[in-house]
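Asker: Below are the sequence and a predicted model; questions follow.
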Amino acid sequence: MKYEYGATLSRLNGAAQASRGVAPTESLRSKPQAIGSYSNRRKASLSQGPITPMPQLKVVHMTSVHDAADPRIFHKECRSLARAGFEVTVIGPHEQDSIVDGVRIRPIQRDDARSARMTRTSWRVYEEARRQDADVYHFHDPELIPVGLLLRARGKHVIYDIHEDMPKDVLSKDYLFAWSRPMLSWLIDRIERAACRHFSALVVVTPTIADRLKKSNQRTVVVYNYPDACELVSNGGGMPWERRRQSVAYVGGITVKRSISEMVCAMALLPKSLEATLELAGPEVPSEANSEELRKHPGWARVRHHGFVDLATTYSILKSVRAGLMILRPEPNHVHAMPLKLFEYMGAGLPVISSDFPLWRRIIGEAGCGIFVDPMNPKEIARAIEYILSHPKEAEEMGRRGQAAVLEQFNWDSEAEKLVRLYREFKNPRCAK
């Protein structure tokens with residue numbers, strides 16, 4: 001697959017205005033109105049109290065891979081359902097049994113080995129789910145498909161929440177023999193389609209996944225993984241731009257396919273006079289990235305690796321830097337993805353330096369909040385970083401336009417409404433459709 005990267009950097013010297021959905025002055029005028037209108041809508045919603053509840057409906061979310069306090073599973077979906085009046089429990093790896101924001105967390109032990117996680121961990125999830133005797137079960141991992149089918153056989157409503165396009169994801173797995181990936185992708189697609197026919201509903205994160213599975217299950221709902229704008233934007237606007245560090249940030253998984261090598265190389269190519277750093281938040285650099293060699297690279301001297309951080313720390317980092325990096329290689333599962341961090345960058349008021357994928361070009365280009373680069377070209381990435389850091393006024397304007405887009409469109413409020421509407425379709429507890 002080829003992309004036209006070259007034309008993008010030519011916009012850095014003035015033509016970048018062409019990618020903006022509105023003129024800069026219009027955007028800056030509309031920004032305070034956007035924040036005000038969002039705040040008013042939020043206050044009105046909160047003043048009305050919870051949506052009319054269905055107290056008899058008991059809901060259990062299940063995960064064997066993610067932590068039970070995962071941002072999408074717990075912070076957004078489970079808390080939204082609890083606020084709507086449902087009795088909500090989440091089963092998954094966690095430190096202790098607790099109740100947070102009206103959601104009960106039931107911890108299970110997670111096995112590190114993939115084979116053990118698909119067997120022993122999944123069985124622990126099923127055992128706890130069966131004990132809960134809920135009306136609706138909502139699971140988040142492909143390896144829990146057998147658990148979902150067992151619960152359906154017991155007459156329960158079961159929702160499968162699909163975070164990744166698994167058949168496409170398999171095509172990028174380096175631990176599989178290259179010759180086996182297409183065949184395995186085809187097989188996974190067939191198995192997933194067959195299983196989805198039996199579930200009560202599907203919740204998916206992108207229209208691409210919905211298009212693939214809608215024939216298998218007509219009750220397929222796209223619930224985008226947008227950030228909670230109230231938490232990201234309203235709780236403090238971050239440092240004033242002039243006081244922010246000369247830094248860019250990347251938060252998320254640290255892998256070769258997510259361009260960790262290219263980002264580090266780009267930092268080495270920046271002028272020495274530009275005291276720039278890369279704020280890196282995510283797990284340890286994996287062995288596949290040749291972590292020892294990467295740490296010896298000159299660019300690593302400009303990297304501040306924070307390790308894995310919680311949501312609050314993530315937001316704190318984003319509100320102290322001047323750009324967010326969304327530089328992923330053009331893998332099959334990346335090109336049509338809509339990563340949460342893209343919208344977190346925008347919501348935090350940061351310009352985005354992004355891979356030049358058609359979908360991302362449409363989102364970022366229409367908002368006028370970023371620059372596109374070839375993710376395989378460290379020189380191009382370095383030029384984009386240098387431009388953002390050396391043009392603070394334009395960078396701040398880009399960030400404001402992106403934040404306005406999150407406040408008006410790319411936020412969790414509308415997605416929570418979709419989720420609650422889906423749950424309200426299950427009107428007859430103890431009687432699965």
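Answerer: Thanks, I have the structure now. Every value quoted in this text rests on a predicted model; they were computed, and no experiment measured them. Residues are numbered from 1 along each chain as shown.
Asker: in stretch 77-96, what counts as buried?
Answerer: Buried positions in stretch 77-96, judged by neighbour count with 16 or more other Cβ atoms under 10 Å: 77-94. C-beta coordinates here come from the backbone N, C-alpha and C atoms, glycine included.
Asker: list the contacts for residue 168?
Answerer: Shown in contact with residue 168 (Cβ atoms under 8 Å, 6 or more residues apart in numbering): 185, 331, 332, 333, 336.
Asker: so how far is residue 191 from it?
Answerer: Using Cβ to Cβ, to the nearest Å, we find residue 168 at a distance of 15 Å from residue 191.
Asker: Could you list the low-confidence segments of this structure?
Answerer: Regions of the chain meeting the criterion pLDDT under 70 cover residues 1-56, 234-237, 286-289, 428-433.
Asker: Pull the number of nearby residues for the nearest residue to residue 269 once chain neighbours are set aside.
Answerer: Leaving aside its sequence neighbours, residue 269 sits nearest to residue 382 (Cβ to Cβ, 6 or more residues apart in numbering; 3.8 Å). Residue 382 is flanked by 23 other residues according to other Cβ atoms under 10 Å.
Asker: separation between residue 382 and residue 186?
Answerer: Taking Cβ to Cβ as the criterion, residue 382 is separated from residue 186 by 40 Å.
Asker: Residue 381 reaches residue 323, doesn't it?
Answerer: No. Residue 381 is beyond contact range of residue 323, at 11.1 Å (criterion: Cβ atoms under 8 Å).
Asker: Need the overlap of contacts for these two.
Answerer: Joint contacts of residue 381 and residue 323 (Cβ under 8 Å, 6+ apart) are residue 353.
Asker: returning to what we had before: out of the contacts of residue 168, which is most surrounded?
Answerer: Highest neighbour count within these, by other Cβ under 10 Å: residue 185, with 21 neighbours.
Asker: show me what contacts that residue?
Answerer: The contact partners of residue 185, by Cβ under 8 Å, 6+ apart, come to 167, 168, 170, 171.
Asker: Equivalent analysis for residue 382, please.
Answerer: Under the criterion of Cβ under 8 Å, 6+ apart, the contact list for residue 382 reads 266, 267, 269, 270.
Asker: So which of those residues is the closest to residue 220?
Answerer: The closest of the contacts of residue 382 to residue 220 turns out to be residue 266 (Cβ to Cβ; 39.3 Å).
Asker: For the stretch 151-300 of the chain, which segments are assigned as helices?
Answerer: Taking DSSP state H, counting those that start in this stretch as the test, the helices found in the stretch 151-300 of the chain are 166-170, 181-196, 207-213, 229, 260-269, 291-296.
Asker: Can I get these in CSV including distance to residue 108?
Answerer: What follows is the helices of the stretch 151-300 of the chain, written out as CSV (distance: least, Cβ to Cβ, whole Å):
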stretch, distance to residue 108
helix 166-170, 22
helix 181-196, 22
helix 207-213, 27
helix 229, 32
helix 260-269, 31
helix 291-296, 31
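Asker: Please identify which of these is closest to residue 158.
Answerer: Proximity to residue 158, assessed across those by Cβ to Cβ, is greatest for helix 181-196 (10.2 Å).
Asker: CA atoms of the closest one as PDB?
Answerer: Coordinates of each C-alpha in helix 181-196 appear next as PDB, following Å, rounded to 0.1, in the frame of the first residue of the first chain:
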ATOM      1  CA  ARG A 181      -0.300 -15.500   8.500                       C
ATOM      2  CA  PRO A 182      -2.700 -15.300   5.600                       C
ATOM      3  CA  MET A 183      -4.100 -18.800   6.200                       C
ATOM      4  CA  LEU A 184      -4.400 -18.100  10.000                       C
ATOM      5  CA  SER A 185      -6.100 -14.700   9.300                       C
ATOM      6  CA  TRP A 186      -8.700 -16.400   7.100                       C
ATOM      7  CA  LEU A 187      -9.300 -19.100   9.700                       C
ATOM      8  CA  ILE A 188      -9.700 -16.500  12.500                       C
ATOM      9  CA  ASP A 189     -12.100 -14.500  10.400                       C
ATOM     10  CA  ARG A 190     -14.300 -17.600   9.700                       C
ATOM     11  CA  ILE A 191     -14.300 -18.600  13.400                       C
ATOM     12  CA  GLU A 192     -15.100 -15.100  14.600                       C
ATOM     13  CA  ARG A 193     -17.900 -14.700  12.100                       C
ATOM     14  CA  ALA A 194     -19.400 -18.000  13.100                       C
ATOM     15  CA  ALA A 195     -19.200 -17.200  16.800                       C
ATOM     16  CA  CYS A 196     -20.700 -13.700  16.400                       C
END
